[in-house]
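> Turn this into a model:
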Amino acid sequence: MKKYLIIILLSLSLFSCTDDIIIDVQEGPKLVGVSGYITNEYKKHEIVVSKTMDFYSDEEIEMISGAEVFVYDDTDTIFFEETNNKGHYQTIDSVAGIIGKTYHLNVTYVDDDGEHTYYAESRMRDDAPQIASLIIKKVSNNFLPGVNATVVNLYPY
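So this is what the prediction gives:
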């Protein structure tokens, strides 16, 4: 009897329902994307500067070359130089950030449209969780019938 129950359960698991979620991503102008961070590890750190792309595009990512990239705090400036990989900038020397300090990022480059400068700042935290995975799913709203939402759930390590 147990054999038949296991076979039935396994058979039913093969017929589970799945629903593909297609996210309607609107196309827009290309923007500048800056990806990188300074950690408290003593090493050469990297920042990547590129243009954004449409979600379903199969074109190659446009990297931004020739930018001036540096990070500074209240006492020091950390300079980056472009590597052999276009758009990839690496610290000239190995460095380690200090927990509790606020760091300022400055990226400047020139193209046919003129000079562009991007600025960000962040305090190095000692308790920031790392994200292991994220799940995107559509949910229905019980309070507003017919209105659906997309939820992004982040799961730390």
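
> And the helices in the chain, which stretches?
All helices of the chain, identified by DSSP state H, fall at 2-14.

> Now do the strands in it.
32-36, 46-51, 68-72, 77-82, 88-91, 102-111, 114-123, 131-140, 148-156 (DSSP state E).

> what's the first one packed up against?
Which is strand 32-36. Secondary-structure packing of strand 32-36 (3 or more Cβ pairs under 8 Å, 6 or more residues apart in numbering; DSSP states H and E): strand 46-51, strand 102-111, strand 114-123. Backbone N, C-alpha and C define where each C-beta goes, glycine included.

> Now render the strands of the chain as CSV, adding mean neighbour count and distance to E62.
Shown next, in CSV, are the strands of the chain (neighbours: other Cβ atoms under 10 Å; distance: least, Cβ to Cβ, whole Å):
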stretch, mean neighbour count, distance to E62
strand 32-36, 15, 10
strand 46-51, 18, 4
strand 68-72, 19, 17
strand 77-82, 16, 15
strand 88-91, 20, 14
strand 102-111, 15, 11
strand 114-123, 11, 14
strand 131-140, 10, 26
strand 148-156, 9, 26
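
> now those in TSV, with mean pLDDT?
Listed next are the strands of the chain as TSV, based on pLDDT from 0 to 100:
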stretch	mean pLDDT
strand 32-36	87
strand 46-51	92
strand 68-72	95
strand 77-82	94
strand 88-91	96
strand 102-111	93
strand 114-123	90
strand 131-140	71
strand 148-156	69
